[in-house]
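Chemist: for reference, the sequence and a predicted model appear below.
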Amino acid sequence: MVSGGRTADLAPTAAVKIFSAGTAGCVADLVTFPLDTAKVRLQIQGESRSLPEGQRAKYRGVFGTIFTMVKTEGPRSLYSGLVAGLQRQMSFASVRIGLYDNMKQFYTRGSENAGIGARLLAGCTTGAMAVAFAQPTDVVKVRFQAQVRLPESGSVKRYSSTIDAYRTIARDEGVKGLWKGCLPNITRNAIVNCSELVTYDVIKELILKYKLMTDNMPCHFTAAFAAGFCTTIVASPVDVVKTRFMNSVPGQYSGAINCTLTMLIKEGPTAFYKGFMPSFLRLGSWNIVMFVSYEQIKRAVMRFQQSWESPIGPV
């Protein structure tokens, strides 16, 4: 991404970018996790049509879903799966965002003038690499978010803790169960990464090129908001399929394509945009918090690094 600002002319190292991206991803998750949980509940809602009426809560809209969850399951339900979510960001955002600039330079052979093709390739590559690292954490996060807590019903929770979830999935579904939905997730994250990072990269570059803003928070906010909107439109269908497939019990779907066809036949094309508003609210706000945090954390780390490495004068 375009570098600049008051932290001198030194470009941040890959290690600084990886640390900053992972930390910023965790900050963004802490702020937006309830919206992400609401999105997951809305996306899987169509799967429960065969259950007896009244057995589960009916979710309507973003804030309606949040209100229903707080009323029936308690406020903590909004943060179910947060531990796995933070684990995911530290291993996921750090790779897909932190290595984006390095991968962009790799495809342009060190040139600073990267075309749209090189940016898209870089986004696809880091997105796929991140899935390879973080897929188990994503599976566990989605399972926890989809898990309905109804204390008064005495129903047994699917998993008692994050560690129990990893252990149970590996035992009951095999190690490959932890990588369930890996293909649709790679597809989704290639799309998300390209939409998110390339949009942010290009818009920020244009803002600075035409001197509409300086390289500060308003610039980062504008570019991040645009990136979130574009990403939601492009990635929502793949995101819904990914959520449904990763949350499914063994044998429910034979694969991601079967999941897609089943949704299309039983629920129609609109099913692919279930949870669109929470997706947009979540992705838009997540992008804003993440990119603004990323830029600030990166600069803070660079300032600390420079002050640490600067020679100490005589006392």
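Modeler: That came through, no problem. Residues are numbered from 1 along each chain as shown.

Chemist: where does this protein dip in pLDDT?
Modeler: Residues of the chain meeting the criterion pLDDT under 70: 1-9, 46-58, 149-157, 311-315.

Chemist: and it, what are its domains?
Modeler: When the chain is parsed with the TED database, its domains come out as 14-50+57-80, 90-148+160-180, 184-283.

Chemist: quote the end-to-end distance of the second one.
Modeler: Spelled out, that is domain 90-148+160-180. 20 Å (Cα to Cα, to the nearest Å).

Chemist: with the last one instead?
Modeler: The first residue of domain 184-283 is 18 Å away from its last residue (Cα to Cα).

Chemist: distance from it to the middle of the chain?
Modeler: When C-alpha coordinates are averaged (Cα atoms, centre = their mean, to the nearest Å), domain 184-283 and its chain have centres 9 Å apart.

Chemist: repeat that for stretch 125-135.
Modeler: 12 Å.

Chemist: which other residues reach it?
Modeler: Counting by Cβ atoms under 8 Å, 6 or more residues apart in numbering, stretch 125-135 makes contact with 87-88, 91-93, 95-97, 99-100, 103, 138, 178-179, 181-182, 185-186, 189-190, 192-194, 197, all of which sit outside it. (C-beta placed from N, C-alpha, C; glycine too.)

Chemist: residues in contact with the nearest residue to I97 once chain neighbours are set aside?
Modeler: Nearest residue to I97 in three dimensions, chain neighbours excluded: A21, at 3.8 Å (Cβ to Cβ, 6 or more residues apart in numbering). Shown in contact with A21 (Cβ under 8 Å, 6+ apart): A93, S94, R96, I97, G98, Y294.

Chemist: now neighbour count too, for the residues you listed, in a markdown table please.
Modeler: Output for those, formatted as a markdown table (neighbours: other Cβ atoms under 10 Å):
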| residue | neighbour count |
| --- | --- |
| A93 | 24 |
| S94 | 23 |
| R96 | 28 |
| I97 | 29 |
| G98 | 25 |
| Y294 | 26 |
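
Chemist: the residues you listed: which two are farthest apart?
Modeler: Greatest spacing in the contacts of A21, by Cβ to Cβ: R96 and Y294 (11.9 Å).
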